[in-house]
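[1] Next input, structure requested:
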Amino acid sequence: MRWIANLPDLAATERLAADLAPLLDAGDVIALGGDLGAGKTAFARALLNARLGPVEVPSPTFNLVLTYEDPGGLPFWHFDLYRLEDPEEALELGIEEAFAEAASLIEWPDRLGALLPAERLHLTFMIADNGARRAVVEASPGWAARLRPLAQAESWTEIS
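    Next up, the predicted model:
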């Protein structure tokens with residue numbers, strides 16, 4: 001399933017993240033695509049703050065991966081793969097462990113190639129003409145069922 005979520009301002013991006021945060025469980029993957037400055041890190045930061053409470057969530061650009069744990073014990077791994085040159089480098093970051101035991105947020109998921117799980121939620125952020133953002137939301141079958149209540153929102157438009 002695919003939708004477009006209109007995000008007129010940062011608060012709308014934060015609401016989307018807060019709506020998705022309670023849906024995450026171990027093994028879940030959210031792939032965050034889009035150009036530089038389109039909202040990937042802002043979304044990840046908002047999702048982690050919604051799930052964990054106020055925490056500092058820097059961009060993992062220099063570290064490539066940062067880990068967090070929610071009060072219930074679910075680990076979150078936040079990857080920024082922009083600087084990866086080969087998908088195999090992600091194995092050195094422990095990405096297989098993250099896929100098995102944690103909820104994973106992955107910026108620049110295209111860098112993973114065939115390592116990117118088919119079962120995922122994929123958000124592609126875009127900057128609209130007026131500076132607002134839009135996210136194309138692509139849900140694998142397991143995610144589509146979870147997203148149906150959210151997709152009823154006025155700001156979501158189904159595209160397939």
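[2] just the helices in the chain please.
    10-20, 40-52, 89-92, 95-101, 141-151 (DSSP state H).
[3] how many other residues sit next to E89?
    15 (other C-beta atoms under 10 Å). Quick note: C-beta positions are derived from backbone N, CA and C, even for glycine.
[4] now G27
    Neighbours of G27 (other C-beta under 10 Å): 15.
[5] could you list every residue that touches it?
    For G27, the contacting residues are 99-103, by C-beta atoms under 8 Å, 6 or more residues apart in numbering.
[6] Mind putting these into a markdown table with distance to W143 and pLDDT?
    Output for those, formatted as a markdown table (distance: C-beta to C-beta, whole Å; pLDDT from 0 to 100):
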| residue | distance to W143 | pLDDT |
| --- | --- | --- |
| F99 | 15 | 96 |
| A100 | 18 | 96 |
| E101 | 19 | 96 |
| A102 | 17 | 97 |
| A103 | 12 | 97 |
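[7] ok, of those, which one's closest to G113?
    F99 (14.4 Å; C-beta to C-beta).
[8] Quick check: pLDDT value at the closest residue to that closest one other than its chain neighbours.
    Excluding its sequence neighbours, the residue lying closest to F99 (C-beta to C-beta, 6 or more residues apart in numbering) is P117, at 6.1 Å. Note on P117: pLDDT of 95.
[9] So what does P117 look like in phi/psi?
    The phi/psi pair for P117 (degrees, to the nearest 10) reads phi -60, psi 140.
[10] All good on my end, thank you.
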